[in-house]
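Enquirer: Here's my sequence, what's the structure:
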Amino acid sequence: MEAFNAALHELVEVIGRVGLFEVVDVIAVAFILYQLLRLVRGTQATQLIVGLVVLGIIGLVATQLHLILLGWLFYNAAPITVLAIIILFQPELRRILDQVGRIGHLGRPLSAFNPQLFNRSIAEAIRAAERLASRRIGALIAFEREVGLEDYAATGVRINGELSAEFLQSLFFPNSPLHDGAVIVRGNTILAAGCLLPLADEAAVRDRLGTRHRAAIGLSLASDAMILVVSEETGGISVVENGRITRNLDPDGLRRRLSGGLEAAGTSGNGRLHLLGWRVSGPKP
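Expert: Model prediction:
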């Protein structure tokens, strides 16, 4: 009982020394950690974080038990671990910097959101996907949202043409010079075709997927783009977002999936800004 009272007394003293700045400090750190966990949720970084936590616990135990050799090993491996974290978490770090950079005018979409053009673009993309799927012609279409895709558009052929089902079909037609690459769409404009996208590591993909699906997952991990994929082998239509793939969509499911994701992006660009997943009011036009 005396030990409990002593511990309670120490706890009261510690709480009594906590001021406003300490509370703000704790809240800020908790907010940052929460947003970091949100960014890496569902990605390969989750397993990497678990591994780092386990290694940290082993190092702490080695220090407390005075295990000299094991403690020396963890102490000297610390600088290498920091460098390894930067390399392993490169996609997640890029996503964090992308989201932090969406502040003020620099974070806004490059074109104003127009509901009529948006609905037309969705309809044309779905029409093209259905026709390509019926003929089992592969396709890879990336819809730009808040994070710009100019770096990837530069790897292909610049088009800057109005999006239409017939145009998309011609780009992915077999033996076409641009049918193997990705098409990048901004608003209702086909920005570029024949683009190269980053491939997701096989370790990060649970299912056995083809190159198009791996490229779609890789781009979704490096940006907030929504990617439409038509399988050349099965004719199935999939949508990839934030590293997650929704497969075998019918026309209605595809319309709901694309409309929900792209409409949210258009709303965020129309007077709303996103900062680490939280919405804050932007300046009025």
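Enquirer: switch to C-alpha atoms for all contacts and neighbour counts from now on
Expert: Noted.
Enquirer: who does the host helix or strand of residue 141 pair up with?
Expert: With elements taken from DSSP states H and E, the one containing residue 141 is strand 139-143. Strand 139-143 sits in its sheet next to strand 182-186 (parallel), strand 226-230 (antiparallel), going by DSSP bridges.
Enquirer: what comes up buried for the following helix or strand past it?
Expert: For strand 139-143, the succeeding helix or strand toward the C-terminus, using DSSP H and E, is helix 150-153. Residues of helix 150-153 classed as buried by neighbour count (16 or more other Cα atoms under 10 Å): 152, 153.
Enquirer: what's helix 150-153 in contact with?
Expert: Contact with helix 150-153 is made by 184, 191, 192, 193, 195, 196, 197, as judged by Cα atoms under 8 Å, 6 or more residues apart in numbering.
Enquirer: chain center to it: distance?
Expert: Between the mean C-alpha location of helix 150-153 and the chain-wide mean there is a distance of 16 Å, by Cα atoms, centre = their mean, to the nearest Å.
Enquirer: That helix: what's the following helix or strand?
Expert: Toward the C-terminus, helix 150-153 is succeeded by strand 157-162 as the next helix or strand (DSSP H and E).
Enquirer: chain center to that next one: distance?
Expert: So, by Cα atoms, centre = their mean, the centroid of strand 157-162 is 25 Å from its chain's centroid.
Enquirer: which other helices and strands contact the following helix or strand past it?
Expert: Reading on from strand 157-162 to the C-terminus, the next helix or strand found by DSSP H and E is helix 165-172. Judged by 3 or more Cα pairs under 8 Å, 6 or more residues apart in numbering; DSSP states H and E, helix 165-172 is in contact with helix 115-134.
Enquirer: Quick check: buried residues in the helix it packs on?
Expert: Residues of helix 115-134 classed as buried by neighbour count (16+ other Cα under 10 Å): 118-119, 121-130, 132-133.
Enquirer: Just give me the closest of those residues to residue 179.
Expert: residue 132 (11.7 Å; Cα to Cα).
Enquirer: per-domain residue ranges of this protein.
Expert: 2-104, 112-272 (automatic domain parsing).
Enquirer: which stretch in those domains has the least confidence?
Expert: Set side by side, these show their lowest mean pLDDT on domain 2-104, which sits at a mean of 74.
Enquirer: Skipping adjacent residues, who's closest to residue 233 in space?
Expert: The shortest distance from residue 233 to any non-neighbouring residue, by Cα to Cα, 6 or more residues apart in numbering, is to residue 136 (6.6 Å).
Enquirer: Checking that neighbour next. Helix, strand or coil?
Expert: Taken by DSSP: H, G, I helix; E, B strand; the rest coil, the conformation at residue 136 corresponds to coil.
Enquirer: Now it, what are its backbone angles?
Expert: Dihedral angles of residue 136 (phi, psi; degrees, to the nearest 10) stand at phi 60, psi 50.
Enquirer: what's the answer for residue 187, then?
Expert: Per-residue torsions, residue 187: phi 70, psi -120 (degrees, to the nearest 10).
Enquirer: which one is it nearest to, not counting chain neighbours?
Expert: Spatial nearest neighbour of residue 187, excluding adjacent residues (Cα to Cα, 6+ apart): residue 118 at 6.6 Å.
Enquirer: how much space between that neighbour and residue 172?
Expert: 22 Å (Cα to Cα, to the nearest Å).
Enquirer: OK, contacts around residue 184?
Expert: Taking Cα under 8 Å, 6+ apart as the criterion, residue 184 is in contact with 141, 142, 143, 144, 149, 153, 190, 191, 192, 193, 195.
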